[in-house]
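Trainee: Need coordinates for the following:
(2 chains)
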Amino acid sequence: MKPIIEIKDVSFAYSKQQDVLKNVNLTIQKGEWITILGHNGSGKSTLSKLLIGLLKAKTGTIHVDGIELNEDSVYDIRKKIGIVFQNPDNQFVGVTVRDDIAFGLENLQIPREEMIERIDKFSKKVDMFEYLNKEPQQLSGGQKQRVAIAGILAMKTDVIIFDESTSMLDPKGRKKILEYMKQLNDEGTTIITITHDMKEAVSSDRVVVLKHGEILKVDTSTNILRDKTTLEQSNLELLLPLELLHYMDSNNVDHQSLKDFLWASSLNV
Amino acid sequence: MGIKFERVSYQYQGIDQRGYLAIGDINLSINAAGEFITLIGETGSGKSTLVQHMNALLLPTEGRMKLFGLTIDKNTKKNKKIKLNPIRKKVGLVFQFPEYQLFEETVLKDIIFGPKNFGVSEEEAIKRAKKMIEVVGLDESYLSRSPFNLSGGEKKRVSIAGILAMEPDVLILDEPTSGLDPMGRNALLEVFYDIHKTLNKTVIIITHDMNTVYEYAQRALVMREGVLVYDGDPLQLFSKKNIDNWNLETPDILALSKAMETKFDITFSTPPRSRKALFTEIKEVLK
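Mentor: Take a look at the predicted model:
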């Protein structure tokens, strides 16, 4: 495996305030699915904005696919990393779904014929082909997020960051986005999800827990999922079956097959 | 009776000049005190339109409402004698991004803005601000701070304190916990529950979180395509067969307790409605 993102000793502060991120070190492999968890204000979203060059690190370096992120390389790097933000209403730039997906492609100066081909292909992929001529106000929040994903897919980026992209959606919208994350990761896209929702962490390979701008822990998702101490330190809670499992253990309630069932059902969300 | 809807519909004109029905033929009664209600439904199902009628921000295009004794229908707008301001004092509405509405230099000024606007004296408004900042789980030291240096959760609490300082009978919150971390969300839900319990207010929460509905609400309202399709007990709601068609998820506690009952020799005497209740029940059952 080859690293797609290398973050070395990165710190960041907004103007003269105290550091929002402190000495962050993280290497993400090509094709990996990483979840970044943390309390409100832990620096999760700041980290994602640094990765796409919307913010500039105070110290440290970020490499994407071997290229160091700086003012000269930022536009090339944005061809490699796409981001889906939290609020579906703040990222719809086109007049119609078609225009919205075309926007990124126009920036890349893709020839017209190929552009049409890509718009058709990737709108079908997120089940929004039928909606190409619709305006944003005719779409639900979940549909807008799917259009945002199609726009990124059409640009064929290696990495997609989902920055709390499901937190404002209804259950159906959330489930659908989660399905696309899984599917894209299976097809080789590197996925970074930033979330409070432990259900999103279940499918990922590794989980990073941030607390007050520092990495508290990096581990496999199966280890973090049951790590009550780490999660609670960052205002997070265990998935319900695992909380019950923990309760049974600490109260000496014995029932091995129930415990096995709880563990299995927590992985099956 | 606080809020009563009789066959209320609201139609708006789209940019294509066609009329769209946002909510249709709604019948609904809500008490002026003591209720804890959650309002759920897909994006675009009419939830926000519905609650904006409850404090007369929107007026029906068909049907009529009685809001704290005042009858309102499509002719109300033309009648200059009808004052809607008293209704907005009775029914406090906290929008989805209340933090965008903070604008004063200090938290205190922000909280007293609303009550002063409704004719409350400065002295009385400050007294209320001191009380309400505690109710929402912050302390007096926040009053002198700038609202812009607060965290997302703190901003939400400040804006809720501002609405509470107007002393509404009914408090409506549009997705108050979306985007908050789990502990911040739980703490805020406890605040709403406290307001309901100790001040005997009616609290209405719009949410996509079925766990909130199941663990807190006495009554659930479900909107679907502009129609009120359910008004009743949350437990019965999630036991209904057509719940899948409404795109609602089964709450975690209900899903897990049902799965355990099916798989193991476990029967719950009463369905647990909180994590704590579930855990202690399991401990009892397995003894």
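Trainee: so where is chain A shaky, pLDDT-wise?
Mentor: The model of chain A has pLDDT under 70 over residues A:1, A:269.
Trainee: Near chain B, which residues of it are found?
Mentor: Neighbours of chain B within chain A, by CB under 8 Å from any CB of the partner chain: A:38-41, A:86, A:135, A:137, A:140-142, A:164, A:167-174, A:196, A:232, A:234-237, A:240-241, A:243-244, A:247-248, A:251, A:253-255, A:257-258, A:261, A:265. Yep, even glycine has a C-beta here, placed from its N, CA and C like the rest.
Trainee: Any idea which residue is closest to the centre of chain A?
Mentor: Geometric centre of chain A, nearest residue: A:Thr193, 2.2 Å, by CA atoms, centre = their mean.
Trainee: contacts for stretch A:131-145?
Mentor: A:84, A:88-89, A:91-92, A:94-98, A:100, A:119, A:123, A:128, A:147, A:165-166, A:168-170, A:172-174, A:176-177, B:14-15, B:42-44 (CB atoms under 8 Å, 6 or more residues apart in numbering or on different chains).
Trainee: My reading is that the residue nearest to the centre of chain A is in a helix; is that accurate?
Mentor: No: under DSSP: H, G, I helix; E, B strand; the rest coil, A:Thr193 sits outside any helix and is assigned strand.
Trainee: Now do the same contact list for it.
Mentor: Contacts of A:Thr193 by CB under 8 Å, 6+ apart are A:33-36, A:161-162, A:165, A:181, A:200-201, A:204.
Trainee: Of those, which is the most crowded?
Mentor: Within these, most neighbours by other CB atoms under 10 Å in any protein chain shown means A:Ser165, with 29 neighbours.
Trainee: what residues does chain B put near chain A?
Mentor: Checking chain B against chain A by CB under 8 Å from any CB, the hits are B:14-15, B:41-44, B:151-153, B:175, B:178-184, B:186, B:208, B:210, B:247-249, B:252-253, B:256, B:259-260, B:263-264, B:275, B:278-279, B:282-283, B:286.
Trainee: gap between the closest residue to B:Ser274 other than its chain neighbours and chain A?
Mentor: Nearest non-adjacent residue to B:Ser274, counting by CB to CB, 6 or more residues apart in numbering or on different chains: B:Glu215, 5.4 Å away. Look at B:Glu215 and chain A: by CB to the nearest CB, to the nearest Å, they are 11 Å apart.
Trainee: what about B:Asp139, how many residues close to it?
Mentor: Applying other CB under 10 Å, we find 9 residues neighbouring B:Asp139.
Trainee: Before we move on, what's the pLDDT of it?
Mentor: Per-residue pLDDT puts B:Asp139 at 92.
Trainee: Reformat the contacts of A:Thr193 as a markdown table; add distance to A:Thr61.
Mentor: Converted to a markdown table, the contacts of A:Thr193 look like this (distance: CB to CB, whole Å):
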| residue | distance to A:Thr61 |
| --- | --- |
| A:Trp33 | 24 |
| A:Ile34 | 19 |
| A:Thr35 | 23 |
| A:Ile36 | 19 |
| A:Ile161 | 19 |
| A:Phe162 | 24 |
| A:Ser165 | 27 |
| A:Met181 | 28 |
| A:Glu200 | 28 |
| A:Ala201 | 27 |
| A:Ser204 | 25 |
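Trainee: Surely the residue nearest to B:Ser274 and B:Pro251 touch.
Mentor: Yes: with contact defined as CB atoms under 8 Å, B:Glu215 counts as touching B:Pro251 (7.4 Å).
Trainee: who's in contact with residue 228?
Mentor: Just going to use chain A. The neighbours of A:Lys228, taking CB under 8 Å, 6+ apart as the test, are A:238, A:243, A:246.
Trainee: The intended chain is chain B.
Mentor: B:Leu228 neighbours (CB under 8 Å, 6+ apart): B:26-28, B:50, B:221-222.
Trainee: in chain A, which spans are helices?
Mentor: Using DSSP state H, the helices of chain A run over A:44-51, A:74-77, A:97-107, A:112-125, A:141-154, A:171-186, A:198-202, A:221-225, A:228-233, A:240-250, A:256-267.
Trainee: same thing with the stretch 101-250 of chain B?
Mentor: Listed in chain order, the helices of the stretch 101-250 of chain B (DSSP state H, counting those that start in this stretch) span B:107-117, B:122-135, B:152-164, B:182-198, B:210-216, B:234-239.
Trainee: Out of those, which is the most enclosed?
Mentor: Mean neighbour count (mean count of other CB atoms under 10 Å in any protein chain shown) peaks for helix B:152-164 among those, with a mean of 24.
Trainee: On the three-state scheme, the closest residue to B:Glu62 other than its chain neighbours is what?
Mentor: Leaving out its chain neighbours, the residue that sits closest to B:Glu62 by CB to CB, 6+ apart is B:Ser9, at 3.9 Å. Put simply, B:Ser9 is strand when judged by three-state DSSP.
Trainee: What is the neighbour count of B:Ser9?
Mentor: A total of 17 residues lie near B:Ser9 under the criterion other CB under 10 Å.
Trainee: wait, what's in contact with it?
Mentor: Going by CB under 8 Å, 6+ apart, B:Ser9 touches B:21, B:23-26, B:60-63.
Trainee: which of those residues has the most neighbours?
Mentor: Among the contacts of B:Ser9, the one with the most neighbours (other CB under 10 Å) is B:Ile23, at 28 neighbours.
Trainee: what is the closest residue to A:His63 other than its chain neighbours paired to in the beta sheet?
Mentor: In space, and not counting its chain neighbours, A:His63 is closest to A:Glu6: 4.3 Å by CB to CB, 6+ apart. Using DSSP bridges, the bridge partners assigned to A:Glu6 are A:Thr27, A:His63.
Trainee: what's the answer for B:Thr202, then?
Mentor: Beta bridges link B:Thr202 to B:Val170, judged by DSSP bridges.
Trainee: Pull the distance from stretch B:114-121 to the chain's centre.
Mentor: Centre-to-centre, stretch B:114-121 and its host chain are 23 Å apart (CA atoms, centre = their mean, to the nearest Å).
Trainee: again, but for stretch A:49-67
Mentor: On the basis of CA atoms, centre = their mean, stretch A:49-67 sits 16 Å off its chain's mean C-alpha point.
Trainee: And stretch A:45-53, by the same measure?
Mentor: From the chain centre to the centre of stretch A:45-53 is a distance of 11 Å (CA atoms, centre = their mean).
Trainee: So which residues make contact with it?
Mentor: Stretch A:45-53 is contacted by residues A:5, A:7, A:10, A:12, A:20-21, A:24, A:36, A:55-57, A:62, A:64, A:69, A:74, A:77-78, A:81, A:83, A:161, A:163-164, A:192, A:194, A:210, A:213 when judged by CB under 8 Å, 6+ apart.
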